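> generate a structure from the sequence data that follows.
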Amino acid sequence: MDLEGGRSANAIKRDSWRTVLTLAYQSLGVVYGDLSTSPLYVYKSTFAEDIQHSATNEEIYGVLSFVFWTLTLVPLLKYVFIVLKADDNGEGGTFALYSLLCRHARVNSLPNCQLADEELSDYKKDVGKSAESNFGSRLKSSLERHRVLQRFLLVLALIGTCMVIGDGVLTPAISVFSAVSGLELSMSKEHHKYVEVPVTCIILIGLFALQHYGTHRVGFLFAPVVITWLFCISAIGLYNIFHWNPHVYRALSPYYMYKFLKKTQRGGWMSLGGILLCITGSEAMFADLGHFSQLSIKIAFTSMVYPALVLAYMGQAAYLSQHHNLEDDYRIGFYVSVPEKLRWPVLVIAILAAVVGSQAIITGTFSIIKQCSALNCFPKVKIVHTSSKVHGQIYIPEINWILMLLCLAVTIGFRDTKRMGNASGLAVITVMLVTTCLMSLVIVLCWNQSVILAICFIFFFGTIEALYFSASLIKFLEGAWVPVALAFIFLVVMYIWHYGTLKKYEFDLQNKVSINWLLGLGPNLGIVRVRGLGLIQTELVSGIPAIFSHFVTNLPAFHQVLVFLCIKSVPVPHVRPNERFLVGRVGPKEYRLYRVIVRYGYRDVHKDDMEFENDLVCSIAEFIRSTQPESSGGDDNNTEKQEQNMTVVGAGGSKMCESVELDNEAESWEIQSPQAVKPRKRVRFLVPESPKMETGVREEMRELMEAREAGMAYILGNSYLKAKQGSSLIKRFVINIVYEFLRRNSRGPTYPLSVSHASTLEVGMMCSV
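Model prediction:
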């Protein structure tokens, strides 16, 4: 299953207005589900405790003014007109900003980067013709020199990522719970509290239980559900405005914010934590940019989402401004402003919209964890692609069930919108603060703009977000501790995994075998060469891994063709198929040793192992053909140069390979994926009888063909980390206990997935770091 079509899909986004409008329509169901359901709980959370709704209406008008200007300044001005432009080759999100900064400042958390990676088509992006400022060059050199600044940048990106994961727990809980809370107007308060939580839990369990089926079967319903919901809230808003208070528009003036804070003082400041919820889901506009386009997201927000939300909040304020004698605070909410005859239909639509919004944040959580795993910042997890046609639709079983349990725990533990809102608000505003900080660096380092512009950006938006952040943080003991605790746990897991991975790579690098040792063994490597093709897994991009010498020392036999295989991620979202493989020789030509480096972007989908094997062998064949004029001498200096000079070969680029269907007998032992309906294929060589092809090249090609036909064997290196004697207690705890626990419970390499166990050999080594 090759889902690399996502890249080509991105390329056609700007083809026509029809395409743009179609993407805008689809984005309503994917991007705006969470943001559009915020009217369900904003007023309810704001008036929960800190302020009271009085007959003067100063509180409700002040809250409306805050909501309007917050919606205008953050989602509309910041995200739609500024942040969306900071895409990483069409991709968005926290890691996209971090990846963009890494490439422009040569700061990278991935250890096995090469200069050849910088020659990728998508590595550099022409963001402007302006010259780099003096401050920008100084900041860039400081980041490149100081490891502390690099770690700080990584931790900042990880904090934003962890808060997104925390939001993946809190958003489904508060959205579904708020939608179900409409039942409170149909029964007594004593009864509805025994109905709300069970119904919410049943809906959440059903939502997470259906994740493994994917959303492609019901995804076409998402946009109509959100459009219907937006139409409902805007129509009800218009009705309430004209029926109850046509002059409510005056409250949009910023003067009412001043009057609100003057009257309520500390209570008004604390209530900002509830007002903040009106922009929950705004980050999704940037995070889901890879599936749509800037223009389509802008059109959807400015033409439908923004006007509908403003009308909905104005309508609620108009109704509440004429209703002061409410029985209880819990009746200050969305459903109380809905005409009684429409409450049940609106309740059903609200639940469906809440489910759609929850689905979007769950899918986004899966996506960001996949990115973290690709960049060595999260343990390897099982990734299931739920659609062979739609790029990016994935399901991670372990994360899904963890999210479900945490969601249920939050729902059952809190049982009210106020504390859920406090928790969700802190997660949302922290992600926005991280985005603001990273964007200020992008303005200087990537866009080469004046540092004054970056300071203005971070001062203006940072001040607004810091105000909301302080109001959310003050409620730490009233629910806001939940995202902090979740983010801390995920941050510790991510950083320890990243630290352990770096230490393991440093050990492999320090203990790699010299090329002179290989030359001393002779063409037969001093061992018996058996028929077949051996793939040796390694993280190294140069040199010979220690597991090779460890293996041949204990078992002096190896395959006639050896390939040192490195599958690595690079800090770009996608690597084009024609730039996927880097192929080179290890040692002289007659040794039949090759190095193949396979490069994937952090959003790329890894291929099936059979298709991967075919592309791998074809890339080696194309390399042999393209390097035939070169000398096959075994000079030491030439050998060292060969380690540096590698050839870029596209996936399946050889004209001497064709795919043929396997017969039934060969198919019988292969594990088929549930979606696989086509017969598996394998490669067959067609060695042309060209007079231009040298005899040595023809012989090397034939030997590669024979080795492939004889079978492939995978030699997987498995390094066990152990802290050196004399290490500190913290280091021993981190390496020997935490990292080892994560390693044992994480998935192995993404290949070979369906290779017979008889063809796989694991070589273990103890690494003292």
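
> from what I can see residue 160 touches residue 431, true?
Yes: look at residue 160 against residue 431 with C-beta atoms under 8 Å: they come within range, at 5.2 Å. C-betas here are computed from N, CA, C, even on glycine.

> residues shared between the contacts of those two?
Contact criterion C-beta atoms under 8 Å, 6 or more residues apart in numbering; residues shared by residue 160 and residue 431: residue 94.

> so which of those two has more stuff around it?
residue 431 (28 against 25; other C-beta atoms under 10 Å).

> spatially nearest residue to that one, not counting backbone neighbours?
Spatial nearest neighbour of residue 431, excluding adjacent residues (C-beta to C-beta, 6 or more residues apart in numbering): residue 163 at 4.8 Å.

> number of nearby residues for that neighbour?
Other residues within reach of residue 163 by the criterion other C-beta under 10 Å amount to 28.

> so how far is residue 582 from it?
36 Å (C-beta to C-beta, to the nearest Å).

> I figured residue 451 hits residue 441, correct?
No: between residue 451 and residue 441 there is no contact under C-beta under 8 Å: 10.6 Å.

> so if I had to pick from those two, which one is more boxed in?
Each of residue 451 and residue 441 has its neighbours counted (other C-beta under 10 Å); residue 441 has more, 23 against 16.

> and that one, that's in a helix?
Yes: Residue 441: assigned to a helix according to DSSP: H, G, I helix; E, B strand; the rest coil.

> tell me who's in contact with it.
By C-beta under 8 Å, 6+ apart, the contact list for residue 441 reads 101, 139, 153, 454.

> would you list the phi and psi of the first one?
Which is residue 101. phi -70, psi -40 (degrees, to the nearest 10).

> skip the chain neighbours and tell me the closest residue to it.
The shortest distance from residue 101 to any non-neighbouring residue, by C-beta to C-beta, 6+ apart, is to residue 441 (5.7 Å).

> so how far is residue 603 from that neighbour?
For residue 441, the distance to residue 603 - C-beta to C-beta - is 22 Å.

> same check on residue 417?
For residue 417 relative to residue 603 (C-beta to C-beta), the value is 35 Å.

> so which one among the contacts of residue 441 has the lowest pLDDT?
Least confident entry in the contacts of residue 441, by pLDDT: residue 139, with 83.

> quick one: neighbours of that one, just the number.
The number of residues packed near residue 139 is 19, by other C-beta under 10 Å.

> ok, now residue 563?
By other C-beta under 10 Å, 24 other residues sit near residue 563.

> one more: residue 228?
12.

> kindly report the same for residue 695.
Residue 695: 7 surrounding residues under other C-beta under 10 Å.

> from residue 701, how far out is it?
Going from residue 695 to residue 701 by C-beta to C-beta gives 11 Å.

> got the phi/psi numbers for residue 726?
phi 90, psi 0.

> ok so, going back, neighbour-wise, which of residue 417 and residue 603 wins?
residue 603 (27 against 23).

> not counting sequence-adjacent ones, nearest residue to the more buried one?
Distances taken as C-beta to C-beta, 6+ apart put residue 573 closest to residue 603, at 4.3 Å, once the chain neighbours are dropped.

> go ahead and confirm the one you found touches residue 91.
Yes: taking contacts as C-beta under 8 Å, residue 573 lies within contact range of residue 91: 4.0 Å.

> okay, and the common contacts of those two?
290, 603.

> just the C-alpha atoms of the host helix or strand of residue 413, please, in CSV.
Residue 413 is part of helix 397-414, with elements assigned from DSSP states H and E. C-alpha atoms of helix 397-414 as CSV (Å, rounded to 0.1, in the frame of the first residue of the first chain):
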residue,chain,number,x,y,z
PRO,A,397,-4.4,1.0,18.6
GLU,A,398,-2.4,1.6,21.8
ILE,A,399,-2.9,5.4,21.7
ASN,A,400,-6.6,4.9,20.9
TRP,A,401,-7.3,2.9,24.0
ILE,A,402,-5.2,5.1,26.2
LEU,A,403,-7.1,8.2,25.0
MET,A,404,-10.4,6.4,25.6
LEU,A,405,-9.5,5.5,29.2
LEU,A,406,-8.3,9.0,30.0
CYS,A,407,-11.4,10.5,28.4
LEU,A,408,-13.7,8.3,30.5
ALA,A,409,-11.7,9.1,33.6
VAL,A,410,-12.0,12.9,33.0
THR,A,411,-15.7,12.6,32.3
ILE,A,412,-16.5,10.4,35.3
GLY,A,413,-14.0,12.3,37.6
PHE,A,414,-15.2,15.9,36.8
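
> buried sites along that helix?
399-400, 403-404, 406-408, 410-411, 414 (16 or more other C-beta atoms under 10 Å).

> got it, and stretch 476-486?
By 16+ other C-beta under 10 Å, the buried positions in stretch 476-486 come out as 478-484, 486.

> all strands in this structure, in order from the N-terminus.
Secondary structure of the chain (DSSP state E): strands at 384-385, 394-395, 528-537, 557-570, 581-585, 593-601, 647-649, 657-661, 681-685, 712-722, 760-768.

> quick one, which of those is nearest to residue 511?
strand 760-768 (8.1 Å; C-beta to C-beta).

> now residue 100. Nearest residue, chain neighbours left out?
Per C-beta to C-beta, 6+ apart, closest to residue 100 is residue 88, 4.9 Å.

> give the contact list for the one you found.
Going by C-beta under 8 Å, 6+ apart, residue 88 touches 96-97, 99-100, 125, 572-573.

> with the residues you listed in mind, say which one has the least confidence in the model.
Of all the contacts of residue 88, residue 125 carries the smallest pLDDT score, 52.

> do you know how far residue 373 is from residue 475?
From residue 373 over to residue 475 (counting by C-beta to C-beta), the distance is 33 Å.

> please read the previous query as pertaining to residue 588.
When C-beta to C-beta is applied, the distance between residue 588 and residue 475 equals 69 Å.

> still on that earlier bit, what about the residue nearest to residue 603, neighbour count?
What residue 573 shows, counting by other C-beta under 10 Å, is a neighbour count of 26.

> can you pull out the low-pLDDT segments for the stretch 401-550 of the chain?
Applying pLDDT under 70 to the stretch 401-550 of the chain flags residues 518, 520-527.

> inside helices: which ones of the contacts of residue 88?
Residues of those located in helices (DSSP state H): 96-97, 99-100.

> pull up the gap between residue 616 and residue 49, please.
For residue 616 relative to residue 49 (C-beta to C-beta), the value is 62 Å.

> oh sorry, the question was meant for residue 332
Residue 332 sits 11 Å away from residue 49, going by C-beta to C-beta.
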